[in-house]
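In: Below are the sequence and a predicted model for it; my questions follow.
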Amino acid sequence: LKQARAAGIKVVTHEASNQVNTDVDIEAFDNLAFGSYLMDQLATCMGGSGKYVAFVGHTTARSHMRWAAAAHDQAKEKYPKIERIAPPVETAENQETAYQAAKQLLAKHPDLKGFEGSSVVDVAGIGRAVREAGAQARTCVMGTSLPSVAGEFLDDGAVDRILLWDPAIAGQAQDKLALMLIQGKKIGPGIDLGLRGYRNLKSIPGTPHALAGAGWIAIDAANLKQYPF
């Protein structure tokens with residue numbers, strides 16, 4: 001990328017907020033804003049009270065830990081009756097590990113009400129445990145995933161909602177920014193790319209060139225078929 005820029009080629013990156021050798025990096029969302037949004041969704045499902053637990057793929061995964069931390073902070077600030085009962089549970093991005101952990105937690109904490117997943121397989125593993133326990137009606141399960149991974153658990157409420165961002169729209173955002181760069185237009189906070197979730201870009205503090213939208217998508221049983229990936 002450094003060589004490309006030195007040759008006069010415009011560089012636009014995605015999912016690389018700390019990249020130095022780029023003209024602009026575009027992110028679907030700021031991780032802290034996404035974590036707060038995730039908690040808002042979970043809190044609504046939980047009725048504003050109850051115990052929950054967060055799963056992460058790895059405790060060294062910066063994005064996962066920031067989602068979990070932001071959700072926790074949002075709960076403390078806005079939902080004082082919601083309690084996270086343990087530090088984030090590490091699943092190593094393994095669905096079987098997530099399943100076993102969720103199964104043990106449901107057995108140990110029969111009043112456990114909420115699950116937050118971070119890796120793409122977390123909510124699928126949790127959903128399997130919830131379904132086996134017949135706990136669909138008393139639990140709320142949400143997190144980042146794909147319809148192809150966790151969609152089968154949405155129909156009966158074993159998983160309530162999955163959150164993601166549309167890579168096609170992110171690609172369109174990159175194209176629009178590249179064209180703006182070629183045309184010599186100014187790029188910075190406040191830009192409206194005319195795309196859903198990218199209408200008022202924000203700078204991401206602590207990053208050299210990154211801008212973020214609010215491009216998350218919430219998928220449940222009602223709109224699952226709109227996202228066949």
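Out: Structure received. Quick caveat: nothing in here was measured; it's all calculated off a predicted structure.

In: which residues in the protein form strands?
Out: Remark: strands of the chain, listed N- to C-terminal, are 12-14, 24-27, 50-56, 82-84, 89-90, 112-117, 140-144, 161-165, 202-203, 210-212, 216-219; assignment by DSSP state E.

In: Would you mind giving these as JSON lines with mean pLDDT and mean neighbour count added?
Out: Just so you know, the C-beta spots here come from the backbone N, C-alpha and C atoms, and that holds for glycine as well. Formatted as JSON lines, the entries for the strands of the chain read as follows, by pLDDT from 0 to 100; neighbours: other C-beta atoms under 10 Å:
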{"stretch": "strand 12-14", "mean pLDDT": "97", "mean neighbour count": "20"}
{"stretch": "strand 24-27", "mean pLDDT": "97", "mean neighbour count": "25"}
{"stretch": "strand 50-56", "mean pLDDT": "98", "mean neighbour count": "24"}
{"stretch": "strand 82-84", "mean pLDDT": "98", "mean neighbour count": "19"}
{"stretch": "strand 89-90", "mean pLDDT": "98", "mean neighbour count": "22"}
{"stretch": "strand 112-117", "mean pLDDT": "98", "mean neighbour count": "27"}
{"stretch": "strand 140-144", "mean pLDDT": "98", "mean neighbour count": "27"}
{"stretch": "strand 161-165", "mean pLDDT": "96", "mean neighbour count": "22"}
{"stretch": "strand 202-203", "mean pLDDT": "96", "mean neighbour count": "16"}
{"stretch": "strand 210-212", "mean pLDDT": "97", "mean neighbour count": "24"}
{"stretch": "strand 216-219", "mean pLDDT": "96", "mean neighbour count": "17"}
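
In: Take the ones you listed and write them to JSON lines, including distance to residue 129.
Out: Rendered in JSON lines, the data for these read as follows (distance: least, C-beta to C-beta, whole Å):
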{"stretch": "strand 12-14", "distance to residue 129": "33"}
{"stretch": "strand 24-27", "distance to residue 129": "32"}
{"stretch": "strand 50-56", "distance to residue 129": "11"}
{"stretch": "strand 82-84", "distance to residue 129": "18"}
{"stretch": "strand 89-90", "distance to residue 129": "12"}
{"stretch": "strand 112-117", "distance to residue 129": "9"}
{"stretch": "strand 140-144", "distance to residue 129": "9"}
{"stretch": "strand 161-165", "distance to residue 129": "16"}
{"stretch": "strand 202-203", "distance to residue 129": "37"}
{"stretch": "strand 210-212", "distance to residue 129": "33"}
{"stretch": "strand 216-219", "distance to residue 129": "20"}
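
In: can you tell me which residues contact residue 224?
Out: For residue 224, the contacting residues are 147, 151, 154, taking C-beta atoms under 8 Å, 6 or more residues apart in numbering as the criterion.

In: per-residue pLDDT, it?
Out: On the pLDDT scale, residue 224 is placed at 95.

In: again, but for the one 4 residues further on
Out: Confidence per residue is given as pLDDT, and for residue 228 that number is 87.

In: That one contacts residue 166, doesn't it?
Out: No. In terms of C-beta atoms under 8 Å, residue 228 does not count as a neighbour of residue 166; the distance is 11.7 Å.

In: out of those two, which sits in the busier spot?
Out: Between residue 228 and residue 166, counted using other C-beta atoms under 10 Å, the more crowded position is residue 166 (17 against 8).

In: Show me the beta-bridge partners of the nearest residue to the more buried one once chain neighbours are set aside.
Out: Leaving out its chain neighbours, the residue that sits closest to residue 166 by C-beta to C-beta, 6 or more residues apart in numbering is residue 217, at 6.0 Å. Here residue 217 sits in beta bridges with residue 164, going by DSSP bridges.
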